[in-house]
Every structure is written in C-alpha cells, then in structure tokens.
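>>> sequence? don't have it. structure:
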C-alpha cells in the first residue's frame, strides 16, 4: 500500500529531525559554552520552522485523511502511527502560524521577566505578561477545540484524552483522602539523625560514581546513553539507541540519588521500546503522565522502599563511607521518607505532593474558564496552601511565582505529575499481582525481573496505545486514585 | 535591493543548518554513546538532504544569476557572499544527485575496508574499492569542469583557485631545496635526553590543565568554545560564538601540546572573524590552506621556537613537575624540533613533512590524469620514499595505506597541508616586518600582539577574500616557497 509507505517515510524524516532538535537542546543545557546562546536560538528556529512546515504539509494531511477511512487495511503499528501523526498534524495545523510565532515570542519574553520577578519577590512585575500568556492560552484552547471545557484542549496536549471531568473525579476522591491522611503521616518531632549531618561533605566524583552504579543496577544501558551534569536533571531522546539522562550534584544534598532513579525511570521506558519503532514517532513514551509514572515508580515506590535499600545501602556506604558508615540504614530510610508539608512542590514528600498539584489544577481551571484572573493568584494561592496543606506561604517567590510552567505557557501540564503518581501505584499493584514475591524481588535487588515485566507490558509499546488504553491493558481497569491512596496508607517507611 | 536581502536570508538559513550538521558531527566524535551510530547516520542524512536541496534550489540559482551582472551595486561583503554562495551552488548543482549518492555510498563502504586492509597490511584488499573511488573522482572532475588539468577541478574544492600548474611550480623549487637541506638538518646521533624518559607517566588531568592553559595564553576564548577529548584532534564551528577544539592525551606523548596549539590556531582564526559575518557563509576560514597556515603558525613557528618556551617552559614544569623538573629547556626544545625522516606523514618534522605531501601530490596527479593506476601505488610509493626521503618503507600499512584521505575520496586535499606550511612562513615573515622586535614579543609571551595583527590582517575577514587575494593583501606578493625555505634554513632550534 503506497499511502502508508509514504506516511512511514515522512514520519521517519520527522523523527530524525525531531531527534536533532533534541540534540540542540541537550547540548545547550549540558555542553554549550555561554557564548553559543544566540547562535543556538537561530539554529533551533531554522530547524523548527522546517519541522513545522513538514508536519503541516497539506500533502501529509491528504495522506492521513486518505488512510483514515480504511485503517483496518493496515497493521496495528501503522494504525498507531497514523493516530500519532494525525494528532501532531491537527495540533499544528489548527493553530494559525501567526499565533504560534506570537505565542513563542510572548513566552520567550515572559521567561526572563518571571525569573526576575521571582528573584525580587514581585508578582506585579510578572502580572502584565502573565495576563497576556493566559489570554493567549484561552485563545489556544479555542483554536484547538473542545467539547466540554476549554481546559480540556490544553490537557490533551500533554495527556491524550485527559479531560477536566476526569481530573475533577480523580482529584475529588484523592483530595479527601490526602487531607485525612496527611496529619497522621507527618514526621513531627523527628529530626535529622545526627550522623547524617556529615552529608555536606560529599565529593561530586563519588556522587557521580554512585549514581552511575544505581543507573546500571536498574538496567540503564550506558552503551545507549550517558549521564551528564545540568542545572536541572532531565532525560532526552536523541534516537532509538541514544537516550541520555542528566543529574546535578550538590555536596550537601541526597537529591542526586533520587534524580538518578527518576531520570533513570524515564530512560528505561525509552530504552526498552521495541526496536521495530526505531525512527518512528511511536519511538517514545506515550504521554507525560505515563512517562512520569515510570520515573516515580523507580524513584519513589522502588527507590524509597526499605527493601530496596536492604541491598543497596551497603553499596551507598561503600561509595560514600565517610558520610554513611555511621548512619543506620533505618535512619537513612526514615530520612528519605520523612513527611513534612512545605511551600515548594519540587521538595514535597509523597503524601503532600499531589496537594501542590491539586492547587495548581484548580487555579489553572479557573484561569482558563475565566472565573479566576491573574491578579487573584497570590491571595488564592496562599489561601489554598493554608487550607489544603496547613502551610503559611511566606512570599510570592515561594508561592505563586515558584514554578516556571505558567511563564512558559504550559497550562495543562501540572496534572500529569499527579497522573504519574497515581499510575505508578496502580501499575505497581498490577506488578505485585504478577510477582507475589515482590518483597523478596526488591530485597534481593532482582530489578531485572521488574524491568522485564514493565518492558513487556508498557515500555516495548512506545506510543502505540493511548494512555487510557494502555492503563486498561496493564491494569485491567481505568486509572484511579485507589491504589495510590492504599500505597500511602500502608507504606511502612513513613512510620519507621 | 530585494535580491540581495533574499540571498542573505537564504545564506543565513543555510549557515544555521550547516552549523547543526557540525554539531551532529562533533557530538558523534566526542559524546555520543556507541549505540547512537545508526541513528546519527539517519539524522545526518535527513538534514544533509535538506541542506543539499536548499543549496541546489533553482530559485537560489536565479537570484545569484540575477545579481551576477550588477555586483557593483552591492557592498564588498555582499559581493563576497555572492561569490561564496555561487561556488557552493555550482559545486552542488554540477554533480548529478545520483552521482553524489553513489559516491557517498561508495566511500562509506570503502572506509571500513581501508581500516581492515591497513590493519592486515593487505593493499589488495583495498585495491578494488580504491579503483572505483579513483574512477569516480575522475568522473567528478569531469562534472565539475576544468581548463587545463582534471586535478584542478578537485584542488579547487579545497583551495579556491589552486591549480596543478601552481603546485608544480611551488613544489618544484621546494623539492630541490628540501632535498639539499634535509641531510644537513637531520638530528643524527642525538637521542632523547635521558631525563625525558619520564614522560610516559603524565596524568591526563595534568595534560588537560596545561593544554587549557596554553589555549588561554594564545587567546582562545573558553566562553565561546570548549576543549574535549576525541580519537583525532579537530576544530569545528557550531556558530559564530561556539568554536570547539578537541585533543587527545596519551601518558607517554607530548603530542597534546602541539595539538592544542594546532587546533588552537584553527580556532583563533574562526573566533576572531568579524561579528558582522555571524550566521553567514563568510563566517569561516577561507580555505583549507589558509586555515592550515594558522594552525601551523601557532603550532610550529611559534610553538616550537625556543623564545616561546623561554616564557612557557617554566609553566610546563609547574604543571608537570615530575616529568620536566630535571629536563633542561634546551633539551626539551631540541627534542620537539628533532629532524628524523620517517615513514609516517603525521609524525614528520618540519623539514621532511612537505616531502610526504609532495609524494602524495605526484601520485594523485598521476591517478587523476590516468598515468598512474591504483595497483601501481605500493611500489611507486616506496620508490619515492626511498628517493625523496631516504626512507625504506617496511609495509604498505606504513606506506600507501597510511592515510584515510583516498578511502574517503578526498583527492586534492593533501596539497593544502603544504600550502599551509608555506603560507604560515610567508605570513610570519610579514608579521616580523611589522613587529621588528618579534623576538622579544615571543620571549615575553606577548601573544596578544601577534593575535591582534593576525586578526586585523587575516582572521577578521573570514571568507571575504579568496585565498590568493588574501595572501596578496597580507604579504604584498603571491604565495611562494621562499620564506618557508628561509625559515627552515635559519631556524636555530634544529641545531641546538
């Protein structure tokens, strides 16, 4: 069939060019000398324009339309390819070129202003541009189209098929549960074991070595990737056999351990996609939420469990003897699981984390439907933090200004963090049904067994199944908050 | 004027895309995990195809043609831009697309065979493919066109305007002089000072630190570049403010010092091109020969002079005390200048180096005009080495198989190495007329003064002036071998 072959060819070219864009980005954040910034922006713009034109090519539209009526004639993989390409084509063609250019200009203007406003703790500096960004995001929702709620159009950009209704339902039950749970789990009165005070003296090379060891242990393939240093840890794909992670190493922070597992989880997903999807748009994780479920599964469910550290704490002690030789494993595991609601999302523990997301979801929904305005944000933010988390926000810098997402115009992104947490627990539950000896598996560090199950059930498929369908296949039911709540309720590490 | 604006826009897009190709290459040789190879090839091919189509775009041809008749209406810079783009357009449109694809396939097939043949010292393994490569290069010369000699068409690819006649004249006088000079300069009987025996123990981090120091001393700007490790040192440009160098560090070799200065010379050229040429095809060195003149000037004329080491030998001793504290500067300078004709071009001293190139030039000329066949190469090669250098070649691996260039199809490339050596001495002569205290300048390490003169006279222009015109402007006469021969004759370091 000629049509599908032509589509495959175009898809492969687009994937190769998108992988090059990823290299431009990776190099910029990891390697590029400071002077290279303007040149890199020009390169990025030149190639992005080419990619955009190729995605919006009416001939591609025609090919996709031609095939749409007789999808049953092609293989499952090709059907998925058409679905994914059609999404891209629609997203890109529904937005007028002028709008895309204006939006890019506005957000690149807004980003440095947000940086300054946060630095000076001055929300009003940020306000006028934020208002414009919100106005354009509402416009964007209009261009993209939606059935029930304008926010749906934005959510779908990050999580195919996710709706405001879905989130209302998920967050509804979750919010109630978390509010009841949080007070019981807070590690009040428990302070840092005295012996952990030494952690300020970690040498970066020891941290690098241990994080590389951890990555290797969970099955990250260094022949098909590498770990480097960047200001914020991330994972990126430069091709089927080149999935890179980054980390950061601060002498006084254990964050590098959990960043290694987090980014490692993202990378395992991508490294284990079936080779048949090489150079295809199916060669990536299917959605932000499912992707996050894998980073959180390895970081939190596995990486903060006592059983995992039964095997790996001695290894940590071996890599960083000065810091950990006198710290009991029990104290370490308690320390990495302490529950302490605070102002900052990225520092939040597993119990309070989703309340941070819930607050952002409520505010975003209001902003996009027009019931909240940008100037309402600081007081509303602080009120919600007090009510939901019992936290007094001391400044807008630590409040409504803390995240980059709004400056970036990424409305609809935050909820995928919670989707990830919920899906991780639900998928883990399914794994434990398969491996009833999962405690022993963890304790013996038989991580290959876990990775293989995840590969067979999730990773190998890449973007073939839409997220809801994938969850159904893996877990036999739709995404829900039940398993996550159960997980929090029963997690013994909170009360060590 | 609309035409020139349209040309500038296209030129800028092409430059940005070419810089991206350079990043793909840099990453491949410096960072990419081994698994990434196939994906990188696909990315390279996807973007190269786009670049090729853009260069061959008939609309660009029309614009260039339109302007050709009234070049006096545009600025000097724009005239140069049109000249450079026209060259690219012609080179790319004269070669049929099928020929380009076939040639790329043939050479990528030939490269690994050459690697094996060299490893197994088996020229016959290489022969059938080499014959094909030569046949295609002769075809290529035909497509590109020439007036006097088919080899001219290939030379012009690397050195604009250079002809076989020019080289016959240059090499003619040079060959005679070198043949007379070589026996007198050979450092016979002088062996490695005993104290230099310690150099096998250099630590890579000390070598890196000293090479970074040297790069900084000659004025390499690390805010607009970086030094990394690769199998073979190279310099590449990823944009006006991002010119990167690489080096390699072997515990027993001083090569890293001269590679730093060599690549540093290439990079200084590019880092000091006037900012007005940013994102333009004029933002690069004008030819391989002129480029090489700058690497050789910094590596050899400056970097192997006693005066340079008067200032920097104590610095070297400070960075590598264990190796150099007991070595006299005199011995070191002698060691790095010893003349010892051998089989291998890349290890050759300054006196014998160009004889290696001369041999290759004679052979290439014969192969392209058809008076030499590929199977003649090993005996002819060995005979010439014996006659010109007095060297008995012990194997084809160390003889006709030693260089990658022919496997790569780069006939016409070798002569630019000698052009570089000659131009370096000639340019240095002009510098010494300007700075009559040049000995003191060197001795005090006032390298800024040298770099500034080179910048004003050569670097700032980028590719604005064709190489012959540039030499005329800088030196007031055409390129010739006289200054290089004088330099060799008078260089005191050979007879320390």
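Looks like it arrived, so ask away. Everything numeric here is computed off the predicted structure, so don't read it as measured data.
>>> which element is the closest residue to chain B within the stretch 151-300 of chain A on?
Using CB to the nearest CB, the single residue of the stretch 151-300 of chain A nearest to chain B is residue A:239, 2.8 Å away. Backbone N, C-alpha and C define where each C-beta goes, glycine included. Remark: residue A:239 resides in no helix or strand, with elements defined by DSSP states H and E.
>>> that one and residue B:39 touch, don't they?
Yes. Counting by CB atoms under 8 Å, residue A:239 touches residue B:39, with 2.8 Å between them.
>>> ok now do the residue of the stretch 151-300 of chain A closest to chain B, which residues does it touch?
A:19, A:278-279, B:36, B:39-40, B:42-43 (CB atoms under 8 Å, 6 or more residues apart in numbering or on different chains).
>>> same deal with residue A:352?
Taking CB under 8 Å, 6+ apart as the test, what residue A:352 contacts is A:178, A:182, A:339, A:341-342, A:389.
>>> phi and psi next, for it.
When quoted as degrees, to the nearest 10, the phi and psi of residue A:352 stand at phi -90, psi -20.
>>> kindly report the same for residue A:41.
phi -60, psi -40.
>>> distance of it from residue A:48?
Per CB to CB, to the nearest Å, residue A:41 is found 10 Å from residue A:48.
>>> run the chain-centre distance for stretch A:129-147.
23 Å (CA atoms, centre = their mean, to the nearest Å).
>>> buried ones in that stretch?
A:129-130, A:132-134, A:136-141, A:144, A:146 (16 or more other CB atoms under 10 Å in any protein chain shown).
>>> please apply the same query to stretch A:357-373.
A:357-368, A:372.
>>> ok, now how distant is the residue in the stretch 351-496 of chain A positioned nearest to chain B from residue A:419?
Taking CB to the nearest CB, chain B has its nearest neighbour within the stretch 351-496 of chain A at residue A:462, 14.8 Å off. Plainly put, residue A:462 is 18 Å away from residue A:419 if you go by CB to CB.
>>> longest strand of chain A?
strand A:243-247 (DSSP state E).
>>> which strands and helices sit next to the next helix or strand after that strand?
The C-terminal neighbour of strand A:243-247 among helices and strands, as given by DSSP H and E, is helix A:255-271. Secondary-structure packing of helix A:255-271 (3 or more CB pairs under 8 Å, 6 or more residues apart in numbering or on different chains; DSSP states H and E): helix A:204-218, strand A:235-237, strand A:243-247, helix A:288-296, helix A:447-457.
>>> near chain B, which residues of chain A?
Proximity of chain A to chain B (CB under 8 Å from any CB of the partner chain) is limited to residues A:12-13, A:16-17, A:19-20, A:23-24, A:27, A:31-40, A:42-43, A:45-47, A:50, A:221-226, A:238-242, A:244, A:278-279.
>>> type out the ChimeraX command that picks the buried ones from those.
The buried residues among the residues of chain A next to chain B can be selected in ChimeraX (16+ other CB under 10 Å) with this line:
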select /A:12,13,16,17,19,20,23,24,27,31,32,33,35,36,39,40,42,43,46,47,50,221,224,225,226,238,239,240,241,242,244,278,279
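>>> which of the residues of chain A next to chain B fall in helices?
Among those, DSSP state H puts A:12-13, A:16-17, A:19-20, A:23-24, A:27, A:37-40, A:42-43, A:45-47, A:50 in helices.
>>> list phi and psi for residue A:303.
Torsion angles, degrees, to the nearest 10, at residue A:303: phi -70, psi -20.
>>> hmm, residue A:257 and it touching each other?
Yes. Between residue A:303 and residue A:257 there is a contact under CB under 8 Å: 7.4 Å.
>>> quick one on the thing from earlier: could you export the helices and strands packed on helix A:255-271 as JSON lines, including mean pLDDT?
As requested, these are arranged in JSON lines below (pLDDT from 0 to 100):
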{"stretch": "helix A:204-218", "mean pLDDT": "98"}
{"stretch": "strand A:235-237", "mean pLDDT": "98"}
{"stretch": "strand A:243-247", "mean pLDDT": "98"}
{"stretch": "helix A:288-296", "mean pLDDT": "98"}
{"stretch": "helix A:447-457", "mean pLDDT": "98"}
